[in-house]
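>>> Here's my sequence, what's the structure:
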Amino acid sequence: MKRQSLIFKAPLVLEIREEECPTPHKGEVLVKTLYSAISTGTELLAFTGQIPTWLSLDETLPALRGTFSLPFKYGYACVGEVIAVGKEVAETWLGRKVFAFNPHESAFVASVESLIPLPEGLGEEDLLFLPNMETAINLVQDGRPILGEQVVVFGLGMVGLLTTALLTRFPLSRIVALDRYPLRRKAGMELGITATFDPLSEDVLRGLRSILETLGYHQGADLVFEVSGAPGALNQAVEITGYSGRIVIGSWYGRKPVALDLGGRFHRSRIQMIASQVSTIAPELSGRWNKQRRLEMALEALKWLRPSFWISHRFPFERAAEAFRLLYEYPEDTLQVILTYS
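Take a look at the predicted model:
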């Protein structure tokens with residue numbers, strides 16, 4: 001059986017390559033891909049050559065062995081249908097819809113242990129948001145919002161929107177978000193948050209302070225999430241974080257340099273900066289939480305949010321290069337872009 005795989009061939013260059021699809025062995029199944037989602041964070045960094053070539057694709061995922069040394073396959077959000085099973089796999093798997101952390105390709109072989117069956121009551125396209133929802137949950141767990149806090153989110157890409165959606169479930173006094181693009185700010189406001197701002201506007205800091213300093217007894221944000229992917233956002237985050245506040249950094253900047261000003265109010269304000277990355281659980285939570293529990297929580301969150309309404313574009317797999325170009329050249333027109341497979 002032949003399959004088509006998306007290859008990251010050079011910076012800004014993609015190629016669809018036909019190749020032999022492996023046969024499922026013991027404990028494995030063959031999956032025909034129905035949809036895959038494109039990440040506007042890590043995948044765009046890979047598309048533009050902004051990730052160090054020596055870095056592993058993902059040491060925790062069997063489908064993403066190797067490094068970012070060109071050429072390589074990438075992607076980690078596929079939904080498909082099981083069309084063949086290997087030895088010692090029950091035939092009840094045949095026809096089952098599943099999620100896999102797998103690169104963009106029309107078919108693939110995976111162990112049954114690595115697949116996540118489509119839960120009852122959840123749409124196939126909603127399931128594409130699973131990796132980003134896991135990331136959002138990890139961010140919130142690392143930030144540990146407290147009743148009545150003022151929270152600011154930098155970046156309303158998909159991770160930022162999902163993080164903001166989770167935060168609206170907490171009894172916080174205010175949630176404010178920043179993003180360059182009106183479409184994303186509109187999506188944030190539709191979640192019922194307090195306000196949104198353009199981080200590049202001249203009066204953004206004044207606007208933020210007018211909201212965050214009205215409580216009187218506590219000035220500035222208690223908790224800030226930086227998920228914009230823009231290194232300059234960190235200095236803005238420091239500017240609006242209050243005394244002993246926390247800044248959770250979920251952005252991966254790749255090769256982009258980060259010029260961080262720690263000589264101003266950062267030091268005297270005792271601000272904490274927390275690195276958050278979904279590949280691991282925070283050590284202080286690992287006594288009660290593991291990846292399976294977090295995954296189950298992410299699936300439940302997808303059921304109540306049903307985020308597929310944020311899909312702004314659907315491209316046939318054959319037009320994958322066009323989809324990536326759209327995200328790279330016109331990000332202001334997009335929310336979530338997915339690929340569909342015939």
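>>> can you pull out the strands in the stretch 1-150 of the chain?
Assigned strands in the stretch 1-150 of the chain, in chain order: 2-10, 13-20, 28-37, 78-85, 97-100, 107-111, 116-117, 150-154 (criterion: DSSP state E, counting those that start in this stretch).
>>> Which SSE is immediately downstream of the helix or strand of the chain with the lowest mean pLDDT?
Least confident helix or strand of the chain, by mean pLDDT, DSSP states H and E, is helix 265-268 with a mean of 82. Sequence order places strand 272-275 as the next helix or strand after helix 265-268, per DSSP states H and E.
>>> CA atoms only for the helix or strand following that next one, dumped as PDB, please.
Moving toward the C-terminus from strand 272-275, the next helix or strand (DSSP H and E) is helix 291-305. Extracted C-alpha coordinates of helix 291-305, given in PDB (Å, rounded to 0.1, in the frame of the first residue of the first chain):
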ATOM      1  CA  LYS A 291       0.100  12.100  31.900                       C
ATOM      2  CA  GLN A 292      -2.900   9.700  31.700                       C
ATOM      3  CA  ARG A 293      -4.900  11.700  34.200                       C
ATOM      4  CA  ARG A 294      -4.100  15.000  32.400                       C
ATOM      5  CA  LEU A 295      -5.100  13.400  29.100                       C
ATOM      6  CA  GLU A 296      -8.400  12.300  30.500                       C
ATOM      7  CA  MET A 297      -9.000  15.800  31.800                       C
ATOM      8  CA  ALA A 298      -8.200  17.200  28.400                       C
ATOM      9  CA  LEU A 299     -10.800  14.900  26.700                       C
ATOM     10  CA  GLU A 300     -13.400  16.000  29.200                       C
ATOM     11  CA  ALA A 301     -12.500  19.700  28.600                       C
ATOM     12  CA  LEU A 302     -12.900  19.100  24.800                       C
ATOM     13  CA  LYS A 303     -16.400  17.700  25.500                       C
ATOM     14  CA  TRP A 304     -17.700  20.900  27.200                       C
ATOM     15  CA  LEU A 305     -15.900  23.400  25.000                       C
END
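>>> quick check: mean pLDDT across helix 291-305?
Averaging pLDDT along helix 291-305 yields 97.
>>> With stretch 98-110 instead?
97.
>>> from the chain's centre, how far out does that stretch sit?
18 Å (CA atoms, centre = their mean, to the nearest Å).
>>> Now the terminal residues of that stretch, how far apart.
11 Å (CA to CA, to the nearest Å).
>>> cool, and stretch 18-32?
OK, stretch 18-32 end separation, CA to CA: 15 Å.
>>> Same check on stretch 82-90?
Where stretch 82-90 begins and where it ends lie 12 Å apart, using CA to CA.
>>> Check stretch 32-49 too.
By CA to CA, the extent of stretch 32-49 from end to end equals 29 Å.
>>> buried sites along it?
32-47, 49 (16 or more other CB atoms under 10 Å). C-beta: built from backbone N, CA, C; applies to glycine.
>>> can you check stretch 246-256 too?
Across stretch 246-256, burial judged by 16+ other CB under 10 Å covers 246-251, 254.
>>> What mean pLDDT does that stretch get?
Stretch 246-256 shows a mean pLDDT of 91 in the predicted model.
>>> Report the contact partners of the spatially closest residue to Leu178 that is not a sequence neighbour.
Residue nearest to Leu178 in three dimensions, not counting chain neighbours: Pro199, with 4.4 Å by CB to CB, 6 or more residues apart in numbering. Counting by CB atoms under 8 Å, 6 or more residues apart in numbering, Pro199 touches 154, 178-180, 228, 230, 233, 236.
>>> Sitting in helices, which of those do you find?
Using DSSP state H, the members of the contacts of Pro199 that fall within helices are 233, 236.
>>> List just the nearest of the contacts of Pro199 to Ala90.
Using CB to CB, Ser228 comes nearest to Ala90 of those, at 45.0 Å.
>>> Any idea which of the strands of the stretch 1-150 of the chain gets closest to Gly263?
Nearest to Gly263, of all the strands of the stretch 1-150 of the chain, is strand 150-154, at 21.0 Å by CB to CB.
>>> Report the central residue of the protein.
Asn132 (3.4 Å; CA atoms, centre = their mean).
>>> my read: that one touches Val159, true?
Yes. Under the criterion of CB atoms under 8 Å, Asn132 makes contact with Val159 at 5.2 Å.
>>> So which bits of stretch 278-287 are buried?
Buried residues in stretch 278-287, counted by 16+ other CB under 10 Å: 278, 281.
>>> any idea of the mean pLDDT for that stretch?
Stretch 278-287 comes out at a mean pLDDT of 92.
>>> what's the spacing between that stretch and its chain's center?
Distance, centroid of stretch 278-287 to centroid of chain: 18 Å (CA atoms, centre = their mean).
>>> again, but for stretch 40-52
Computed by CA atoms, centre = their mean, the chain-centroid distance of stretch 40-52 equals 13 Å.
>>> List the residues that contact Gly264.
Gly264 makes contact with 238-239, according to CB under 8 Å, 6+ apart.
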